[in-house]
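Student: Please find the sequence and the predicted model below.
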Amino acid sequence: MNEMAAIFGRVLSNRVEYVDLPVERWAQILAQFQLSPYLIEHLSRVAEAHQRGEFDAETDVVQKIGGAPPKSLETFIAENRPVFSR
């Protein structure tokens with residue numbers, strides 16, 4: 001996550017810092033946005049799985065489903081700069 005934050009910062013020419021919040025605190029923050037309790041629970045479980053490294057794998061899913069190789073994070077951020085610059 002720190003590496004991703006550094007890429008965002010470099011591409012956007014802004015300081016971006018990753019802050020590792022406890023999942024419970026993150027769920028409290030999400031609740032402030034009046035999200036469904038079910039969505040908050042789902043996102044919390046996904047965050048826990050991420051922390052355990054369950055998503056740390058390269059696959060060919062993007063290529064198979066999308067028919068094109070995945071873009072680098074740098075490319076994706078640059079192509080969507082207006083969204084990230086709000």
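Tutor: Cool, the structure landed.
Student: Only C-alpha atoms from now on, for both contacts and neighbour counts.
Tutor: Fine.
Student: Could you identify the helix or strand that succeeds the longest helix along the chain?
Tutor: Across the chain, the longest stretch assigned as helix under DSSP state H is helix 37-51. Per DSSP states H and E, the first helix or strand lying C-terminal to helix 37-51 is helix 61-66.
Student: Run through the neighbouring helices and strands of that next one.
Tutor: Here helix 61-66 touches no other helix or strand, going by 3 or more CA pairs under 8 Å, 6 or more residues apart in numbering; DSSP states H and E.
Student: who's in contact with Leu12?
Tutor: 77-78, 81, 84-85 (CA atoms under 8 Å, 6 or more residues apart in numbering).
Student: Now a ChimeraX select for only the buried ones of those residues.
Tutor: Buried residues among the contacts of Leu12 (16 or more other CA atoms under 10 Å), as a ChimeraX selection:
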select :77
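Student: any idea which of the contacts of Leu12 is closest to His42?
Tutor: Phe84 (24.4 Å; CA to CA).
Student: what's the pLDDT at the residue nearest to Arg81 when sequence neighbours are not counted?
Tutor: Excluding its sequence neighbours, the residue lying closest to Arg81 (CA to CA, 6 or more residues apart in numbering) is Leu12, at 7.1 Å. The per-residue pLDDT reported for Leu12 equals 95.
Student: what's the answer for the one 5 residues further on, then?
Tutor: What the model reports for Glu17 is a pLDDT of 95.
Student: I'd like the distance between it and Met1.
Tutor: Using CA to CA, to the nearest Å, we find Glu17 at a distance of 9 Å from Met1.
Student: just Ser44 next, same as before
Tutor: 17 Å.
Student: higher neighbour count, the two?
Tutor: A count of neighbours by other CA atoms under 10 Å puts Ser44 above the other of Ser44 and Met1, at 19 against 10.
Student: List the contacts of the nearest residue to Glu48 once chain neighbours are set aside.
Tutor: Of all residues not flanking Glu48 in the chain, Val23 sits nearest, at 7.0 Å (CA to CA, 6+ apart). Counting by CA under 8 Å, 6+ apart, Val23 makes contact with 44, 47-48.
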